[in-house]
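J.: With the input below, show me the fold.
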Amino acid sequence: MARLLLVRHGQASFGADDYDALSELGHEQARTLGRALAARSVKPGLVLRGTMRRHAETAAGLLDGLGADVPATVDPGWNEFDFQHVVEIHRPVYRDRAAMMAELNLAERPDRAFQEVFDAATARWSSGQFDLEYTESFAGFRRRVAAALSSAADLLRQHRDIVLVSSGGPIAMVSALLTAGLDAPLGTVATVWAALNRVSVNTGMTKVIAGRSGLSLSTFNEHTHLEGDRRLLTYR
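T.: Residues are numbered from 1 along each chain as shown. Presented below is the predicted three-dimensional model:
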């Protein structure tokens, strides 16, 4: 049975000039996952990834840990939605990164403070009531990820196991579509997507299997490779 192993990127650089670059911990998470896959004798026939820097760096670290030379290809359909744009539409003061960090640092837990803003911003975006304000609507994001998933399913006919490096948003969307149904109402998809995206772990792995009836979600956000070192378990 062919498998699509979707991997969320390692920890990025929140608050830095280039969020898209992995942090040192993010590089370590990627190598740790690669070593864990090697220990399970996973030998992917292809590495597929989005075009973002954090996707490329995670794929490189994963292959380093795996110790394998695997062909790779890219598909921009697996890129993350522009969450900074979504947050800035909801909270315009965050267009100034210094102002954003100054406000967040007033909170006892800046990461939790940002998560609250992120949840409110994505709830507004995914409601479908303000689509003209965004460069990509939630419905458009859903269509983009569904198309990328269809292309990946075609690749599974050639490669038995594919490791796919992407971001929390697209992976949560795949999981929501395979759980709620490809034709589920947008509101249902948005509710499931938000719940899954919120708990997505850096380098968490989601397994989709391909059978006679099509694609099925087998596991979501598995991260046992991080549990031996609490320091490695991060969400943002």
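J.: contacts, neighbours, all on C-alpha from now
T.: OK.
J.: and whichever helix in the chain runs longest, what other elements does it pack with?
T.: Taking DSSP state H as the assignment, the helix of the chain that covers the most residues is helix 138-156. Packing partners of helix 138-156 (3 or more CA pairs under 8 Å, 6 or more residues apart in numbering; DSSP states H and E): strand 2-8, helix 110-126, helix 168-180.
J.: Could you take these and lay them out as JSON lines, with extra columns for mean neighbour count, mean pLDDT and distance to residue 153?
T.: Output for those, formatted as JSON lines (neighbours: other CA atoms under 10 Å; pLDDT from 0 to 100; distance: least, CA to CA, whole Å):
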{"stretch": "strand 2-8", "mean neighbour count": "25", "mean pLDDT": "97", "distance to residue 153": "8"}
{"stretch": "helix 110-126", "mean neighbour count": "17", "mean pLDDT": "94", "distance to residue 153": "26"}
{"stretch": "helix 168-180", "mean neighbour count": "23", "mean pLDDT": "97", "distance to residue 153": "12"}
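J.: Quick one: closest of these to residue 137.
T.: Distance to residue 137, taken as CA to CA, is lowest for helix 110-126 among the helices and strands packed on helix 138-156, at 7.0 Å.
J.: List the contacts of that closest one.
T.: The contact list for helix 110-126 (CA atoms under 8 Å, 6 or more residues apart in numbering) reads 86-87, 89-91, 104, 107, 130-131, 134, 137-139, 187, 190, 194, 236.
J.: can you check stretch 57-66 too?
T.: Contacts for stretch 57-66 (CA under 8 Å, 6+ apart): 9-10, 21-22, 26-28, 30-38, 47, 49, 69-70, 165.
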